[in-house]
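> pasted the sequence and its predicted model underneath.
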Amino acid sequence: MKIQVHENRTCFFFSFFVVCFFLLIQNSQQQRPQNTTCPFKYLYSFGDGITDIGNTVRVLPFGPFLPAARSPYGQTFPGQPTGRWSDGRTAVDYIGSDLGLPNIVPYLSMRGSTSNDGVIFSAARSTTLDRLFFKLRGVAIPPYAIPLSGQLRWFKAYLSSICSTPQDCANIVGDSVIILGDIEANDIGYSLEQGKSIQQVETYVPFIIRALIEAATELIRMGATRVVLTGSVPVGCYPYILTALQTNNATAYDDLGCLKSVNDLILSKNQLLQEAVTNLAAQFPNVGVYYAGIYDSVQSIIRQSSISGNMTLKACCGIGGQYNYNSRRFCGSRGVPVCTNPNEYIYWDGLHFTQDLYAQYTNIVVPPFLPVLGCTSN
């Protein structure tokens, strides 16, 4: 596996060729890391539904009534809803396990408990930018979403509950790896879904990049010694985007059936974020600041899925239209069917992935990252 780590070990990403080669030859079924030992004790994560393991359903008063709080969410694992927006585990469950830190908990479920391997502050459907930014531009954000600034406030509240001095807090933050990412896909997706043009949304990207870098900088100043910022997945392949922006213009789609203009925007944003991460690392040479690219790994899985004939761009749980998605009859609503084998699908409810997809792409991305973080495993 070829890994490119830029000077100062600041930037980590895979080329498309390498990921695709790895996937096709090994079918992403290599054994997951076992008995991993890392030079840190905790995992903290900020993001959206890719890494939310139960926060959004606890955001009052809306949370208990959200789809992820009821069946069929959680049907694959653990057999009942847990607040994860999937049929089972999400990406951060696999990341925690691969790091040897499996006992991670959602922030809003802690109730004073401090016995864990890390805390997840991610909240599904959330954005990088604050509500006011979108309100001024006529874009609606779900009332239960917790923008990145709100997740950072949760983090500070959490620290104040477990440490007594600033130095104690800095020591705890320094003894962790912090993951920031793919939350910005919502900033872009919401805007496009609600009628903003690609050109309009392009103007949001500098604000998104700045917010992510400012958040990472704040965490570093709080004592963080390892910060991973992840790029976005191919948003132009999501059933909800394909449904909202459906067109009869065949040239709008790539060979996988995804919207080219949307994915081009995501690739451009990812490149700008990667450059910003490299610059941030230069400012903090004694801190491990990394960019993790996940776009290519997910795109490779989509490509392989299309070759094998699986239901590539359809939602497993949904109803209606070419992509089995209807925002007014969302997964978990009465009368909305669910597929018999989620493992044959990439998308669970049209907005989030299946457990199987999370397992596949984290098994591509995480193992080569372990030595970069100073971890060892069998």
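Noted; the coordinates are in hand.
> surely residue 313 is within a strand?
Yes: according to DSSP: H, G, I helix; E, B strand; the rest coil, residue 313 belongs to a strand.
> which residues sit in contact with it?
237, 239, 242, 256-258, 302, 323, 346-347 (Cβ atoms under 8 Å, 6 or more residues apart in numbering). Glycine gets a C-beta too; all of them are placed from N, C-alpha and C.
> top of these by neighbour count?
Neighbour counts for those, by other Cβ atoms under 10 Å, peak at residue 347, which reaches 29 neighbours.
> what's the spacing between the closest residue to that one other than its chain neighbours and residue 326?
Closest residue to residue 347 apart from its sequence neighbours, by Cβ to Cβ, 6 or more residues apart in numbering: residue 315 at 4.9 Å. Per Cβ to Cβ, to the nearest Å, residue 315 is found 9 Å from residue 326.
> which one's more surrounded, the two?
Ranked by neighbour count (other Cβ under 10 Å), residue 315 and residue 326 place residue 315 first, with 31 against 19.
> against residue 249, how distant is the more buried one?
Residue 315 is 23 Å from residue 249, by Cβ to Cβ.
> list the contacts of residue 78.
residue 88.
> and it, what helix or strand is that in?
Under the criterion of DSSP states H and E, residue 78 resides outside all helices and strands.
> how about the helices in the stretch 1-150 of the chain?
Secondary structure of the stretch 1-150 of the chain (DSSP state H, counting those that start in this stretch): helices located at 16-26, 91-98, 131-135, 148-162.
> follow-up on the earlier one: among the contacts of residue 313, which are in helices?
Judged by DSSP state H, these include 239, 242, 302 as members of helices.
> save the helices of the stretch 1-150 of the chain as a markdown table, and put in mean pLDDT and mean neighbour count too.
Listed next are the helices of the stretch 1-150 of the chain as a markdown table, based on pLDDT from 0 to 100; neighbours: other Cβ atoms under 10 Å:
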| stretch | mean pLDDT | mean neighbour count |
| --- | --- | --- |
| helix 16-26 | 33 | 16 |
| helix 91-98 | 97 | 23 |
| helix 131-135 | 98 | 15 |
| helix 148-162 | 96 | 17 |
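> format these as TSV; extra columns: distance to residue 341.
Compiled in TSV, the helices of the stretch 1-150 of the chain are given as follows (distance: least, Cβ to Cβ, whole Å):
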stretch	distance to residue 341
helix 16-26	20
helix 91-98	20
helix 131-135	37
helix 148-162	34
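> where does the stretch 1-150 of the chain dip in pLDDT?
1-30, 112-114 (pLDDT under 70).
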